[in-house]
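Undergrad: Sequence and predicted model, in that order:
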Amino acid sequence: AQTVTQSQPEMSVQEAETVTLSCTYDTSESDYYLFWYKQPPSRQMILVIRQEAYKQQNATENRFSVNFQKAAKSFSLKISDSQLGDAAMYFCAYRSARRDDKIIFGKGTRLHILP
Amino acid sequence: SAVISQKPSRDICQRGTSLTIQCQVDSQVTMMFWYRQQPGQSLTLIATANQGSEATYESGFVIDKFPISRPNLTFSTLTVSNMSPEDSSIYLCSVEDATGGAFFGQGTRLTVV
């Protein structure tokens, strides 16, 4: 069975600094998707960034980028120039490319931004 | 990305009663998903709602407790029945795009007293 592990329950970063959130996963599939979701206190889950496993190039969305290491099954999120609005729970998630499979979420990392 | 409207955003309910949560999507989708997020926890899939067929429930969730309706391709409801304090959670509906990315409603924070 697929699993997603986030080993950092909480992290803090100074405003304007860079922070990296860790995620590892386990799967026997070769084709899958990986995601990072943000959940601020407002509760709504927001898709931050996604990575297709067949793509070697790391995904980037503005200040958010990932370090995807397929062989190591590692998928970390880097947030550059941290802002107060980045404070939230961040969930790493995995989904097989097989039709009708479900998304597997990690337990989350709570990120605090220090002014 | 789809826009999903979910209501109510929050409610406080008496134990033994039921609450129906509504989810409206701005485009037609084949599948809609209902999740539960217990306090301080990650998301757990309750069921997948397909239009025109019975919902598919995950292990640990049953139709009698969480009946789901899916009358058309843009709307679904989840009912939390015979509530107890253990049902206090955030409930979220979502849809997925072609690459499996999920988009969520605002969530419903349910407190059972």
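TA: Perfect, I can see it now. Numbers count the residues shown, from 1 in each chain, chains lettered A, B, ... in the order given.
Undergrad: give me the element the most centrally placed residue in chain A is part of.
TA: The C-alpha lying nearest the average C-alpha coordinate of chain A belongs to A:W36 (CA atoms, centre = their mean; 3.1 Å). Following DSSP states H and E, one finds A:W36 within strand A:32-39.
Undergrad: Show me what the mean pLDDT comes to for that strand.
TA: Per-residue pLDDT over strand A:32-39 has a mean of 96.
Undergrad: and whatever helix or strand comes next after that strand, what does it pack onto?
TA: Remark: after strand A:32-39, the chain's next helix or strand is strand A:46-52, criterion DSSP H and E. Judged by 3 or more CB pairs under 8 Å, 6 or more residues apart in numbering or on different chains; DSSP states H and E, strand A:46-52 is in contact with strand A:32-39, strand A:60-61, strand A:64-69, strand A:74-79, strand B:102-104. From N, CA and C alone the C-beta is placed, and that goes for glycine too.
Undergrad: out of everything not next to it in sequence, what's closest to the residue sitting furthest away from the middle of chain B?
TA: Within chain B, the residue lying farthest from the chain centre (CA atoms, centre = their mean) is B:T99, at 21.4 Å. Nearest non-adjacent residue to B:T99, counting by CB to CB, 6 or more residues apart in numbering or on different chains: A:Y33, 6.0 Å away.
Undergrad: what's around the one you found, how many residues?
TA: Other residues within reach of A:Y33, judged by other CB atoms under 10 Å in any protein chain shown, total 18.
Undergrad: Let me know whether it touches A:Y54 as I believe.
TA: No - applying CB atoms under 8 Å, one finds A:Y33 not in contact with A:Y54, separated by 9.7 Å.
Undergrad: tell me which parts of chain A are close to chain B?
TA: Residues of chain A found near chain B (CB under 8 Å from any CB of the partner chain) are A:33, A:35, A:37, A:42-47, A:50, A:52, A:91, A:93, A:95, A:97, A:102-103, A:105-108.
Undergrad: Selecting buried members of the residues you listed in ChimeraX, what would you type?
TA: Buried members of these, defined by 16 or more other CB atoms under 10 Å in any protein chain shown, are picked up in ChimeraX with:
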select /A:33,35,37,43,44,45,47,50,91,93,95,102,103,105,106,107,108
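Undergrad: Show the backbone phi and psi for B:G100.
TA: B:G100 adopts backbone torsions of phi 90, psi 0, taken as degrees, to the nearest 10.
Undergrad: Just list the residues touching it, thanks.
TA: A:33, A:95, A:97, A:103 (CB atoms under 8 Å, 6 or more residues apart in numbering or on different chains).
Undergrad: What's the end-to-end length of stretch A:42-53?
TA: Taking CA to CA, to the nearest Å as the measure, stretch A:42-53 stretches 31 Å from start to finish.
Undergrad: wait, stretch A:20-36
TA: Taking CA to CA, the first and last residues of stretch A:20-36 lie 12 Å apart.
Undergrad: and that stretch, how far from the chain's centre?
TA: Centroid separation for stretch A:20-36 versus its chain: 9 Å, with CA atoms, centre = their mean, to the nearest Å.
Undergrad: List the buried residues of that stretch.
TA: Neighbour counts over stretch A:20-36 (16+ other CB under 10 Å) mark A:21-25, A:27, A:32-36 as buried.
Undergrad: What residues of stretch A:68-76 count as buried?
TA: Under 16+ other CB under 10 Å, the buried positions of stretch A:68-76 are A:68, A:73, A:75-76.
Undergrad: Neighbours of the residue lying closest to B:K7 once chain neighbours are set aside, how many?
TA: Counting by CB to CB, 6+ apart, B:K7 lies nearest to B:Q22, which is 5.4 Å off, once chain neighbours are set aside. Number of residues near B:Q22 (other CB under 10 Å) recorded here: 16.
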